[in-house]
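Student: return atomic coordinates for the entry below.
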Amino acid sequence: MDQVLIEGLTLETVIGVYDWERVIRQRLELDLELATDIRAAARDDDLSHTLDYAAICERLSAFADANAHGLVETFAERVAALLIAEFGVRRVRLTVRKPGAVAAARAVGVRIEREAD
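Tutor: Numbering: from 1, shown residues only. Predicted coordinates:
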């Protein structure tokens with residue numbers, strides 16, 4: 001399976017379990033590996049036959065803007081489900097980092113892998 005990569009996507013959203021986190025926007029950094037078959041796109045040199053990473057980035061930015069989550073885990077699950085449902089991604093490996101969440105660490109976060117049914 002081929003992979004479309006999006007690395008270092010920076011989004012701002014309301015995320016966190018503490019009261020003070022529920023009233024501010026915080027930065028998240030995403031790395032995505034999106035499984036798809038790129039052969040038709042490569043053969044025809046046609047964007048409509050592959051995953052449009054610009055459209056994906058715009059959609060994820062809109063999702064982050066419109067939604068608030070307590071846990072990074074919840075955000076990651078919902079992003080993976082969105083990618084599978086809306087873009088037809090066969091499998092997604094997603095890393096979500098929350099920089100500055102723990103003073104002693106550059107970032108904390110999760111990495112998940114999900115597949116379409």
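
Student: switch to C-alpha atoms for all contacts and neighbour counts from now on
Tutor: Noted.

Student: hmm, I6 and Y53 touching each other?
Tutor: Yes - with contacts counted by Cα atoms under 8 Å, Y53 reaches I6, the gap being 7.1 Å.

Student: which residues in this structure form strands?
Tutor: Under the criterion DSSP state E, the chain carries strands at the ranges 2-15, 26-36, 68-69, 91-99, 107-115.

Student: ok, longest helix in the chain?
Tutor: Longest helix in the chain, counting residues (DSSP state H): helix 72-87.

Student: show me what that one packs onto, helices and strands only.
Tutor: When contacts are defined as 3 or more Cα pairs under 8 Å, 6 or more residues apart in numbering; DSSP states H and E, helix 72-87 sits against helix 53-66, strand 91-99, strand 107-115.

Student: can you put these in JSON lines and add mean neighbour count, distance to T10 and mean pLDDT?
Tutor: Converted to JSON lines, the helices and strands packed on helix 72-87 look like this (neighbours: other Cα atoms under 10 Å; distance: least, Cα to Cα, whole Å; pLDDT from 0 to 100):
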{"stretch": "helix 53-66", "mean neighbour count": "15", "distance to T10": "8", "mean pLDDT": "98"}
{"stretch": "strand 91-99", "mean neighbour count": "20", "distance to T10": "10", "mean pLDDT": "98"}
{"stretch": "strand 107-115", "mean neighbour count": "15", "distance to T10": "13", "mean pLDDT": "98"}
